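# Got a sequence here, can you build the structure:
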Amino acid sequence: MSSPKKTHLPDPISYDRDSFSPSLTGNTHFKSGNYGYFIDAKKVTQVGVDKITPLLNLEEVGVSDPGIFTWLLVDFGESTKKQIFVKKSINITEIMTKHTNILSDLFDGKQLTEPTPLASGSEIRVYFGGELKKSMSEEIAYYTINFLSGTFSGETIDSSSFPKPVQGSNAKSGSGDMLDLTTITNPITKAICEEFLVLFKNELLLRPDDIVGFAKDQTATLLSSSLFKGTSNTNGVLSELNREIMELPNNVEGVKVYKFNLQNREEAKLWNNTKPLQKTLYQATKRNLETNIAMLVKKSEKEGLSTNTDSRMLNLYRQQLVEAEEKYIDVTSDMIAKYELKLDSINGGGRKTKKTKKKTKKKTKKKTKKTKKIPRL
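Sure, this is the predicted structure:
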């Protein structure tokens, strides 16, 4: 009997259907120039998200458009092949494209030609996960990888064992963004990277000139840097990834996008109060101030405000309460309805909804021809 092939990869962790919770949708906020954007995705379903960011195997990434992806390295048992599965990220909060969503898709059998949920009691073994950036430059595809996944890499990949990136580096997309593996002094980390790189290249449809490597900075998310990279001036011109986000209502049922002029006081106030945390902060602040005011008033009624300090504090608390109430609005859908963006109004109305729909359909059809699901169980 042949001995098992030696591996430097960490031992995988087994998951069953009930041992994790996939990420749900929610709200996203970001600024571009003088404008604030609010994406309301609370009503989005998994079916809607799958239309624009389905589960892919690594081979399919080779013929996909550039972008940022989340990935997981898994197998389906000790005797099965290790495989990498990905989902393309469509905003900075990774709406339904987190690593747990990949795992959920795998349990739903979406990696199969004919999707069928895995049998009850099935387990999936996860080694680790991270982000993948695919970019193009002069017809060359660059694949940049990191191990950022708090859930699946935090205990298996020690990010501190990677060399610290040079401060102020501003390399363009290409091999200059990638880590030189000879600079990794930790032998275990280096061996893991080398083995994973071989596995990655074997699964990916690489052309002769394509380049694969690890990100120089293994502590910085690729998604956030891509989202805010590019044109974002005082006129509110959007970067390409932001532009894709603006097209979400056209592609995913249930998404609404709102645009506010932050130079306008009332619009800025509305935008700020669409953030879910804002209501919680207001309620906590109001409760604390009202408690402090009540204590001082009670003291005044009993013995009077004996010091100037008490009097000043009472006035201060009352002023702070007024300011907190002025800043807060319990935002309703009716209040912000007129700020909702339609696709043909994005960035000056440069593209029409009808035309974009046609283009999207054609593009999807073209991809379907090239990318065929490969059953690997």
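# quick one: Thr285 and Ala324 touch, right?
Yes: taking contacts as C-beta atoms under 8 Å, Thr285 lies within contact range of Ala324: 5.1 Å. All C-beta atoms are positioned from the backbone trio N, CA, C, and that covers glycine.
# And the strands in the protein?
For the chain, strands defined by DSSP state E occupy the ranges 13-15, 27-32, 35-40, 56-57, 67-75, 83-88, 124-137, 140-146, 211-214, 256-261.
# which stretch in those has the least confidence?
With a mean of 77, strand 27-32 has the lowest mean pLDDT of these.
# can you list the domains in the chain?
13-248+353-370, 276-330 (automatic domain parsing).
# now the last one: how far from the chain's centre is it?
Spelled out, that is domain 276-330. On the basis of C-alpha atoms, centre = their mean, to the nearest Å, domain 276-330 sits 38 Å off its chain's mean C-alpha point.
# what does stretch 199-209 give?
Distance, centroid of stretch 199-209 to centroid of chain: 25 Å (C-alpha atoms, centre = their mean).
# next one: stretch 267-278
21 Å.
# ends of that stretch, how far apart?
Terminal residues of stretch 267-278 lie 15 Å apart, using C-alpha to C-alpha, to the nearest Å.
# Quick check: mean pLDDT of that stretch?
In the prediction, stretch 267-278 has an average pLDDT of 89.
# which outside residues touch that stretch?
Here stretch 267-278 makes contact (C-beta atoms under 8 Å, 6 or more residues apart in numbering) with 26-27, 29, 36, 38, 40, 258, 260-262, 279, 327-331, 335-336, 339.
# Put the buried members of those residues into a PyMOL selection.
Restricted to buried positions by 16 or more other C-beta atoms under 10 Å, the PyMOL selection for these reads:
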select buried, resi 29+36+38+40+258+260+262+328+329+331+336+339
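# Of all the strands of the chain, which one is nearest Ile192?
strand 124-137 (8.7 Å; C-beta to C-beta).
# now that closest one and strand 140-146, what's the angle there?
140 degrees (axes from the mean of the first three to the mean of the last three C-alpha atoms, to 10 degrees).
# Average pLDDT for stretch 100-119, rounded please.
90.
# quick one: buried residues of that stretch?
100-112, 118.
# what two of those residues are the furthest from one another?
Thr100 and Leu112 (19.7 Å).
# Roughly how far does the closest residue to Gly36 other than its chain neighbours sit from Leu281?
Spatial nearest neighbour of Gly36, chain neighbours left out: Trp271 (4.0 Å); criterion: C-beta to C-beta, 6 or more residues apart in numbering. Per C-beta to C-beta, to the nearest Å, Trp271 is found 15 Å from Leu281.
# Compare those two and say which one has the larger neighbour count.
Higher neighbour count among Trp271 and Leu281: Trp271, with 24 against 13, using other C-beta atoms under 10 Å.
# Helices of the stretch 151-300 of the chain, start to end?
With helices called from DSSP state H, counting those that start in this stretch, the stretch 151-300 of the chain shows them at 187-203, 222-227, 240-246, 248-251, 265-273, 276-303.
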